[in-house]
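A.B. asks: Pasting the sequence and the predicted coordinates here, then a few questions.
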Amino acid sequence: MDKPTKLVVNCETGEQTVVELTDEEIAQLEADRVAAEAQRAEQEAAEQARTAKRLSAADKLRALGLDEAEVAALLG
Amino acid sequence: MPTPTYVAIAKTVLTGSQATVTFSGIVNTYTDLLLVVSARTDRASWTDNINVQMNSIAVGSYSQRDVYAYGTSPLSNNLISSNNQFFRFYFVVGANATSNTFSSQEIYIPNYTGSTNKVFSTTTAGENNSGTDFAIGASAGLVSNTAAMSGLTLTPQYGTNFVSGSRFDLYGIKNS
């Protein structure tokens, strides 16, 4: 299987060169992607937890007698 | 004849897939730089991001503040820690977006040859002929490094390649 490549644009000469990535570069890109996926999953989990808290808070406000407009005004 | 303020330094339109795109040997004769990107990656999603690294500046030198909205999500903001490896450039178009659509993105880097830390700003719109999947973003950031900037490397955050048709234009801007 062909290795992934990078395009290098030399701004001084205008030359554009396609170069195969080294094993080290490939490993670094893969590590970056794994880290990005982990970060994305963490952010999604945090957002889901925040949404659950908002829904819970809304229910408690309704139980206190606030109407929907008041709940919306408080929670945005 | 007036002095031109925007000068095209380099441009490239990909004719095949590339894992990264690097601008090297950026001359120091301008005041500011503007990078205009119209790109698409092979990520199996309608959107992706781009990691941008200046020169080969080390991990831990990048920090940024972002405001963005995408899909049906409300406007959000996010502070990425100062321990980042690169600055993140939202949103490039992914493989699941409408065929032949590309992002509209700009990075502005003032005083790129100065001896102080480098700042940057970005604006972006993820193009997609969909009623729900579209994205906007803006970022302001800092590269904690005082070396003159002579290179920029762009890499998809999630996808493995920028795809054919992706375009990258680098301009130098003079303040006179």
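C.D. replies: That came through, no problem. Computed from a prediction, not measured in an experiment: that's the story for all the values here.
A.B. asks: for chain A, what helix or strand is lowest in average pLDDT?
C.D. replies: Using mean pLDDT, DSSP states H and E, helix A:23-63 stands out as the lowest-scoring helix or strand of chain A, at a mean of 90.
A.B. asks: Same check on chain B?
C.D. replies: Going by mean pLDDT, DSSP H and E, chain B bottoms out at strand B:76-84, a mean of 67.
A.B. asks: Next, count neighbours for residue B:97.
C.D. replies: Using other CB atoms under 10 Å in any protein chain shown, residue B:97 has 26 other residues around it. In short, each C-beta sits where N, CA and C put it, glycine included.
A.B. asks: wait, what's in contact with the residue most central in space within chain A?
C.D. replies: Geometric centre of chain A, nearest residue: residue A:40, 3.8 Å, by CA atoms, centre = their mean. If you count contacts by CB atoms under 8 Å, 6 or more residues apart in numbering or on different chains, residue A:40 has them with residue B:158.
A.B. asks: next one: residue A:30
C.D. replies: Contacts of residue A:30 (CB under 8 Å, 6+ apart): none.
A.B. asks: Can you give me the distance of the residue nearest to the centre of chain A to residue B:21?
C.D. replies: According to CB to CB, to the nearest Å, residue A:40 stands 23 Å off from residue B:21.
A.B. asks: Chain B contacts on chain A?
C.D. replies: A:4-14, A:16, A:18, A:21, A:29, A:32-33, A:36-37, A:40, A:43 (CB under 8 Å from any CB of the partner chain).
A.B. asks: Give me every residue in chain B lying close to chain A.
C.D. replies: So chain B meets chain A at B:9-10, B:12, B:14, B:17-27, B:51, B:78, B:85, B:155, B:157-158, B:160-161, B:168, B:170 (CB under 8 Å from any CB).
A.B. asks: Could I have the buried ones of those as ChimeraX selection syntax?
C.D. replies: To isolate the buried members of the residues of chain B next to chain A in ChimeraX, using 16 or more other CB atoms under 10 Å in any protein chain shown:
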select /B:9,10,12,14,17,18,19,20,21,22,23,24,25,26,51,85,155,157,158,160,161,168,170
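A.B. asks: What about the residues of chain B next to chain A, which are in strands?
C.D. replies: Within those, residues falling in strands by DSSP state E are B:9-10, B:12, B:20-24, B:51, B:78, B:155, B:168, B:170.
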